[in-house]
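Visitor: Here is a sequence with its predicted model. Questions after.
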Amino acid sequence: MDDRAKKKKQVDWVTFIISGGLLVLFVIASVFNEKLVGKWISESFTFTAKYFGAFWQVLLLVMFVIGLILAFSKYGQVRLGKIERPENGNFRWIAMILCTLLASGGGVFWAAAGPMYHYLTTPPLFTGIEEGTMAAAFPAMAQSYLHWGLHGVG
């Protein structure tokens, strides 16, 4: 067996134990005190949104602009790998990327969780509607369609 094959089969135990240990601690803490963990998550989210929210939005915009600059510069024509002609054209690649992004965030999680969340916690625009009632179902779906359109909540 050559060195590359040996490296491929090795597990980085330090990383595995740290990340797995944190995950196990989170699950154990959630089992024993769900409200405390929920409070920690809410406070952490509020903190990061308050102090880093604008930074992340600007960073996202900067990364998008850098990506456009690279794509339309001479570096956008760089070939990766030894295939002379790519198997997929630009349209297919863009379609695959967009579908993957939509499926990972929207289809897998938020397509179901978004409407349920807005059903149990009425969106701010729809104040005065009692949460968890039939009347709350319509604003919940409206908010979900606002976020995802027809393809994310179907």
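Guide: Arrived safely. Numbers count the residues shown, from 1 in each chain.
Visitor: Next one: L98 from S104, what distance?
Guide: L98 sits 11 Å away from S104, going by C-beta to C-beta, to the nearest Å. Yep, even glycine has a C-beta here, placed from its N, CA and C like the rest.
Visitor: To clarify, my last question referred to Y145.
Guide: Counting by C-beta to C-beta - Y145 and S104 are separated by 19 Å.
Visitor: and those two? which has more neighbours close in?
Guide: Y145 (15 against 11; other C-beta atoms under 10 Å).
Visitor: What is the strand or helix carrying that one packed up against?
Guide: Using DSSP states H and E, Y145 maps to helix 134-152. On a contact count with 3 or more C-beta pairs under 8 Å, 6 or more residues apart in numbering; DSSP states H and E, helix 134-152 meets helix 111-120.
Visitor: can you pull the buried residues of the helix it packs on?
Guide: 111, 114-115, 118-119 (16 or more other C-beta atoms under 10 Å).
Visitor: Equivalent analysis for stretch 74-94, please.
Guide: So, applying 16+ other C-beta under 10 Å, stretch 74-94 has no buried residues.
Visitor: Just the CA coordinates for it, please, in PDB.
Guide: The C-alpha coordinates for stretch 74-94 follow below in PDB (Å, rounded to 0.1, in the frame of the first residue of the first chain):
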ATOM      1  CA  LYS A  74      -8.700  35.100 -17.400                       C
ATOM      2  CA  TYR A  75      -8.900  32.800 -14.400                       C
ATOM      3  CA  GLY A  76     -12.500  31.900 -15.300                       C
ATOM      4  CA  GLN A  77     -11.100  29.900 -18.300                       C
ATOM      5  CA  VAL A  78      -8.700  27.800 -16.200                       C
ATOM      6  CA  ARG A  79      -9.400  24.100 -16.600                       C
ATOM      7  CA  LEU A  80      -9.300  21.800 -13.600                       C
ATOM      8  CA  GLY A  81      -8.300  18.200 -14.300                       C
ATOM      9  CA  LYS A  82      -7.200  16.500 -17.500                       C
ATOM     10  CA  ILE A  83     -10.400  16.200 -19.300                       C
ATOM     11  CA  GLU A  84     -10.200  18.000 -22.700                       C
ATOM     12  CA  ARG A  85     -13.900  18.800 -23.000                       C
ATOM     13  CA  PRO A  86     -16.000  19.100 -19.800                       C
ATOM     14  CA  GLU A  87     -18.800  16.600 -19.400                       C
ATOM     15  CA  ASN A  88     -21.300  19.300 -18.400                       C
ATOM     16  CA  GLY A  89     -21.700  22.800 -19.900                       C
ATOM     17  CA  ASN A  90     -22.200  26.000 -18.100                       C
ATOM     18  CA  PHE A  91     -26.000  25.900 -18.000                       C
ATOM     19  CA  ARG A  92     -25.900  22.400 -16.500                       C
ATOM     20  CA  TRP A  93     -23.300  23.400 -13.900                       C
ATOM     21  CA  ILE A  94     -25.300  26.500 -12.800                       C
END
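Visitor: Alright, calling it a day.
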